[in-house]
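In: Sharing a model that was predicted from the sequence below.
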2 protein chains.
Amino acid sequence: MNTIEDFLATKNIRVTAMRMLIYKFLVDKQTAVTLSDIESAFEKSDRTTLYRTIKTFEEKCIVHQIDDGTGVTKYALCENNCNCEINNDLHLHFHCNTCNKTVCLTDHKIPQIKVPKGFVSENVNLVVKGVCDKCSE
Amino acid sequence: MNTIEDFLATKNIRVTAMRMLIYKFLVDKQTAVTLSDIESAFEKSDRTTLYRTIKTFEEKCIVHQIDDGTGVTKYALCENNCNCEINNDLHLHFHCNTCNKTVCLTDHKIPQIKVPKGFVSENVNLVVKGVCDKCSE
DNA sequence: AAAAGTAATGCAATGGAAGTGCATTGTTAC
DNA sequence: GTAACAATGCACTTCCATTGCATTACTTTT
């Protein structure tokens, strides 16, 4: 029943203690996290390790990058069925201006965006900002 | 016929030589520019001045910031009728992965984005990436 | 027109995040 | 067990954004 270990193994990367911990951290957090977030959660470890771990996760389609406009890159777990390598997953992200958290709204697919003649659309980044459900209560 | 001077005057900021030059630079460029772009165009001037000038322009709704995901903030002129102060202008931005330029597609208004119950949408950032008309020829 | 007040500019410095080179440690395969 | 390779940790660099402070330029008041 060691699901995290099993899961990482299916991704063809070496299963190390650090990677399992970071993966678990991402599962527990319900929101997108920055490198600094991970860094403060694992003070024992070096930031380079965390950096490279998250980059590995990204390559293997375990997490995806989010640019929510705060100026700091955030990362969140991919969906099971997302095929990052092939087609960028086009769900939208919501950034709360109150609690400063960013969440994936995976159920909300991005509508087809029309671009002018001659332009070729390959990828879309859509971030909605406002107040999240917890802060608007 | 000193339109730039007149224009800046209507914005209630002091009209200085530097500000006129920077404004003209932005008009001439058809794409969004970074601070470094401006910096290299005006080597005589200090980066801080350019930085603060662009910040002033931003406050006065002369330019708007664009985060196109390249990691560097870009700026582009606002439309005449855009009321940044009141409602954020919701046109979309297109970033060309080939020439690395970003343009405002002001004619393309962003569709209404639905968010889940409890979430309040205040602002939307939409960047489409791909190949621009000039590079796709 | 001079003085006083205010805004703009320039210089120096800081801080944060991203990224890289290299040595060391750990893991895997033979 | 040893060789090969991948992961980790440390030190360092680069780039961009931002701020404090002194100086200069412009405006307003008298």
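Out: Received, thanks.

In: Just the element for A:Val103, please.
Out: Under the criterion of DSSP states H and E, A:Val103 resides in strand A:102-109.

In: can that strand be found next to chain B?
Out: Yes - on the criterion CB under 8 Å from any CB of the partner chain, strand A:102-109 is in touch with chain B at A:105, A:107-108. For the C-beta atoms, the positions are set from N, CA and C on the backbone; glycine is no exception.

In: Pull out the buried positions in that strand.
Out: A:102-105, A:108 (16 or more other CB atoms under 10 Å in any protein chain shown).

In: Can I get those in JSON lines including pLDDT and distance to DNA strand D?
Out: JSON lines is the format used below for the buried residues of strand A:102-109 (pLDDT from 0 to 100; distance: CB to the nearest atom of the strand, whole Å):
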{"residue": "A:Thr102", "pLDDT": "97", "distance to DNA strand D": "18"}
{"residue": "A:Val103", "pLDDT": "96", "distance to DNA strand D": "23"}
{"residue": "A:Cys104", "pLDDT": "95", "distance to DNA strand D": "25"}
{"residue": "A:Leu105", "pLDDT": "94", "distance to DNA strand D": "27"}
{"residue": "A:His108", "pLDDT": "85", "distance to DNA strand D": "29"}
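
In: what's the most distant pair in these?
Out: By the measure CB to CB, A:Thr102 and A:His108 form the most distant pair in the buried residues of strand A:102-109, at 13.9 Å.

In: Just to check, A:Thr73 is in contact with A:His64?
Out: No - at 10.7 Å, A:Thr73 does not count as touching A:His64 under the criterion of CB atoms under 8 Å.

In: out of these two, which sits in the busier spot?
Out: A:His64 (21 against 15; other CB atoms under 10 Å in any protein chain shown).

In: ok, now how distant is the more buried one from DNA strand C?
Out: 14 Å (CB to the nearest atom of the strand, to the nearest Å).

In: do A:Ala76 as well
Out: For A:Ala76 relative to DNA strand C (CB to the nearest atom of the strand), the value is 14 Å.

In: wait, doesn't that residue sit right on A:Thr31?
Out: Yes - with contact defined as CB under 8 Å, A:Ala76 reaches A:Thr31; the gap is 7.4 Å.

In: Which residue ranges of chain A form strands?
Out: A:33-34, A:63-66, A:74-77, A:91-96, A:102-109, A:120-131 (DSSP state E).

In: The third one - which strands sit beside it in the sheet, and in what orientation?
Out: Based on DSSP bridges, the pairing partners of strand A:74-77 within the sheet are strand A:33-34 (antiparallel), strand A:63-66 (antiparallel).

In: For it, C-alpha coordinates in CSV please.
Out: Only the C-alpha atoms of strand A:74-77 are listed here, as CSV (Å, rounded to 0.1, in the frame of the first residue of the first chain):
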residue,chain,number,x,y,z
LYS,A,74,4.3,28.1,-8.5
TYR,A,75,3.8,24.4,-8.9
ALA,A,76,0.9,22.1,-8.5
LEU,A,77,0.2,18.4,-9.0
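
In: For DNA strand D, see how far away the residue of chain A most remote from its centre is.
Out: In chain A, the greatest distance from the average C-alpha position (CA atoms, centre = their mean) is reached by A:Lys117, at 32.3 Å. Taking CB to the nearest atom of the strand as the measure, A:Lys117 falls 31 Å from DNA strand D.

In: Alright, that wraps it up for me.
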